[in-house]
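Student: Model the following, please.
(one chain, ligands or ions: 1)
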Amino acid sequence: MVTTTDANAIRQAALDHLWMHNADWVTMAEEGGPAIMLKGDGVRVTDAEGDTWIDAHGGYASVNAGYGHTEIADAMLEQMRKLTYFPQGTTTVPLIRLVEKLGELAPANLERVWPVSGGSEANETAVKIARAYHKRRGDNGRYKIISRRGSYHGATAGVMWMGASSGMSDYEPAMPGMLYAPQPNFYRCEFDSRTPEECAERSARAVEDLILLHSPDTVAAFIGEPIASGLAAPADEYWQMAHEICDRYGVLLIADEVVTGFGRTGKMFAMEHYGVVPDIMSVAKGITSSYLPLAATIVATDVADAFAGEDNVFRQALTFGGHPVTAATALKNIEIIERDELVDNSARMGAYFLERLEDLKARHPSIGDVRGIGLLLGMELVSDRKTKAPFDDNLQVSKRMTGKMHERGIIMRFSANKVTLGPPLCITADDIDEIVGAMDGAIGELEAELSLV
Ligand SMILES: Cc1ncc(COP(=O)(O)O)c(C=O)c1O
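Tutor: Predicted coordinates:
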């Protein structure tokens, strides 16, 4: 552990020089931040003050195998000692083994793997491949990309425009050709549907309406997370219909499995819940459990084959894509996920976690909805259950709940009255009880402050 004086000096250096993601240094200083983490083990991390926390969101739902696997560190070191990089036009053994393994794990003919360094890059690559694929086939007018409102596909200059997030005016103009479909979110279904099935069907039909409105020969791809973070899994109809619609109009289906891949939802990949094989699949996060930055765009052979032959090469190079140390890390991480049966644990512990959240909902009027599958769960707080009205922004419910959970030793960030839970897949029932106990206390305290009980 560092001394208190050291911790303060390090924190001051962070405030002076670090431009932290989604934060500003003035507010961070007022709040006594940032917390500085020193070590991790399983679902827990320890900070510079020596306090240990449960990380209920597993980094960014990305530390699938859990913190502190020295085996992964050993695999990195072994590769680093052998070869840290590769000269132009050559490749390395761990990368070859990894792409072979991904081809084995991914369904059907998703066999051709383009390695990159993060989820945003994987989706940028997916969009470029989709557009270029149509051009290779002489279908020159297809460039539009359909995404769903409320989805997130990354922060870089192209993919940031997918999902129709608010607050983007700083970065205008938007990438051309962005079209937006409804999110199949039953709790707030755009069609006021009475059942999840109706919401799924109408949301999928809306994708077809968009394709027809814009003319199929202008649409390159439809992208969606099989199960969006913090939302309920859509009813089966959704992906089955969406897949059929894409096929009918020659639109490529891109599954963004950046969060859902590698066991997060209780299957290796979330599209397995629906029996749907996309044309392109983006993976990141859990591929290395965040031990090192690596991601990939996995492409079906019939799409990838359009890029075979000297004249057809897909022109893109990224310096760090396929780095051998990251590949060795991913291989060891996937070995641990399989060996320790973490996909199965995700399904079992996810069901238990959801049951405990349902129990919380039965006792707390401010909980509007709890949802999710495997260890990708969500909760939404509301001021009125009947109308589903959100709390007034002035009440700062998200900030207060995040603070209350911190006071109880749990890292859990609320935003817009919602929270997504994506803990490491090695979580136990005792860890879940501890998290839910803390949520019970924090929500109870909030409800008392707001005179809701
Ligand atoms: C579904 C999804 N796609 C893409 C991304 C972007 O990944 P990255 O942050 O690694 O660029 C994220 C990140 O949270 C995500 O949740």
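Student: Can you get me the start-to-end distance on stretch 164-180?
Tutor: 7 Å (C-alpha to C-alpha, to the nearest Å).
Student: Excluding chain neighbours, give the residue nearest to G118 in space.
Tutor: Closest residue to G118 apart from its sequence neighbours, by C-beta to C-beta, 6 or more residues apart in numbering: A295 at 5.1 Å. No exception for glycine: its C-beta is placed from N, CA and C like everyone else's.
Student: Pairing-wise in the sheet, spell out the partners of the one you found.
Tutor: Listed by DSSP bridges, the beta-bridge partners for A295 are V116.
Student: Show me which residues of the protein sit near the ligand.
Tutor: Those residues of the chain that sit near the ligand, judged by C-beta under 6 Å from any ligand atom, are 60, 118-120, 123, 152-154, 225, 229, 256, 258-259, 284.
Student: Surely A130 is in a helix?
Tutor: Yes - assignment of A130 by DSSP: H, G, I helix; E, B strand; the rest coil places it within a helix.
Student: I'd like to know how many residues surround the residue in the chain that the ligand sits nearest to.
Tutor: The ligand sits closest to G119 of the chain, with a gap of 2.2 Å, by C-beta to the nearest ligand atom. Per other C-beta atoms under 10 Å, the neighbour tally for G119 reads 29.
Student: Surely it touches G286?
Tutor: No - using C-beta atoms under 8 Å, G119 is not in contact with G286, being 10.5 Å away.
Student: Now the common contact residues for those two.
Tutor: By C-beta atoms under 8 Å, 6 or more residues apart in numbering, G119 and G286 have these common neighbours: V259.
Student: and W25, how many neighbours?
Tutor: Neighbour tally, W25, other C-beta under 10 Å: 16.
Student: Apart from its chain neighbours, what residue comes closest to it?
Tutor: In space, W25 is closest to L15, 5.0 Å off (C-beta to C-beta, 6+ apart).
Student: ok, now E407?
Tutor: Using C-beta to C-beta, 6+ apart and skipping the chain neighbours, the partner closest in space to E407 is A442 (7.8 Å).
Student: what's the distance between that neighbour and E380?
Tutor: The spacing between A442 and E380, counted by C-beta to C-beta, to the nearest Å, is 15 Å.
Student: Then E272?
Tutor: Taken as C-beta to C-beta, the span from E272 to E380 is 26 Å.
Student: so D47 sits right up against W53, yeah?
Tutor: Yes - if you go by C-beta under 8 Å, D47 and W53 touch, sitting 7.0 Å apart.
Student: Give me the three-state assignment for the closest residue in space to D217 that isn't next to it in sequence.
Tutor: Leaving aside its chain neighbours, D217 sits nearest to G141 (5.0 Å; criterion: C-beta to C-beta, 6+ apart). Secondary structure state of G141, per three-state DSSP, is coil.
Student: In terms of helix, strand or coil, where does E71 fall?
Tutor: Applying three-state DSSP: E71 is helix.
Student: repeat for M268
Tutor: Judged by three-state DSSP, the three-state class of M268 is coil.
Student: residues contacting it?
Tutor: L105, G261, F262, V343 are the contacts of M268 under C-beta under 8 Å, 6+ apart.
Student: How about M20?
Tutor: A14, M28, P34.
Student: Helices along this protein, start to end?
Tutor: 4-17, 25-30, 58-61, 70-82, 93-105, 119-136, 196-214, 237-248, 301-304, 324-339, 342-363, 397-407, 429-449 (DSSP state H).
Student: which stretch in those is the model least sure about?
Tutor: Ranked by mean pLDDT, those end with helix 4-17 at the bottom, a mean of 91.
Student: Quick check: chain neighbours aside, which residue is closest to E434?
Tutor: I54 (6.3 Å).
Student: got the contact list for the one you found?
Tutor: Listed by C-beta under 8 Å, 6+ apart, the contact partners of I54 are V43, R44, G409, I410, I411, P423, D431, E434, I435.
Student: partners of it in the sheet?
Tutor: R44, I410.
Student: how close does it get to T90?
Tutor: 44 Å.
Student: hmm, back to that, want to throw the helices of the chain into JSON lines with distance to D170?
Tutor: Formatted as JSON lines, the helices of the chain follow (distance: least, C-beta to C-beta, whole Å):
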{"stretch": "helix 4-17", "distance to D170": "23"}
{"stretch": "helix 25-30", "distance to D170": "18"}
{"stretch": "helix 58-61", "distance to D170": "22"}
{"stretch": "helix 70-82", "distance to D170": "37"}
{"stretch": "helix 93-105", "distance to D170": "36"}
{"stretch": "helix 119-136", "distance to D170": "17"}
{"stretch": "helix 196-214", "distance to D170": "27"}
{"stretch": "helix 237-248", "distance to D170": "32"}
{"stretch": "helix 301-304", "distance to D170": "34"}
{"stretch": "helix 324-339", "distance to D170": "32"}
{"stretch": "helix 342-363", "distance to D170": "36"}
{"stretch": "helix 397-407", "distance to D170": "22"}
{"stretch": "helix 429-449", "distance to D170": "32"}
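Student: looking at those helices, which is closest to E190?
Tutor: helix 196-214 (7.4 Å; C-beta to C-beta).
Student: A200 contacts Q183, correct?
Tutor: No - contact criterion C-beta under 8 Å: A200 and Q183 do not qualify, at 11.0 Å.
Student: Looking at the residue lying closest to A73 once chain neighbours are set aside now. What's its pLDDT?
Tutor: Distances taken as C-beta to C-beta, 6+ apart place Y291 nearest to A73, at 7.8 Å, with adjacent residues excluded. Confidence at Y291, expressed as pLDDT, is 98.
Student: what about Y291, how many neighbours?
Tutor: Count around Y291 with other C-beta under 10 Å applied: 21.
Student: what about it, distance to D41?
Tutor: With C-beta to C-beta as the criterion, Y291 and D41 are 14 Å apart.
Student: what does Y274 give?
Tutor: Applying C-beta to C-beta to Y274 and D41 gives a distance of 35 Å.
Student: what about these two, which has more around it?
Tutor: Of the pair Y274 and D41, Y274 is the one with more neighbours under other C-beta under 10 Å, namely 21 against 12.
Student: Check whether that one really touches P226, as I assumed.
Tutor: Yes - Y274 lies in contact with P226 (C-beta under 8 Å); the separation is 6.8 Å.
Student: Need the overlap of contacts for these two.
Tutor: W239.
Student: Now do the same contact list for the residue nearest to E407.
Tutor: Here A442 is in contact with M401, K404, M405, E407, R408 (C-beta under 8 Å, 6+ apart).
Student: Which one of those is nearest to D236?
Tutor: Looking across the contacts of A442 and measuring by C-beta to C-beta, the closest to D236 is M401, at 32.9 Å.
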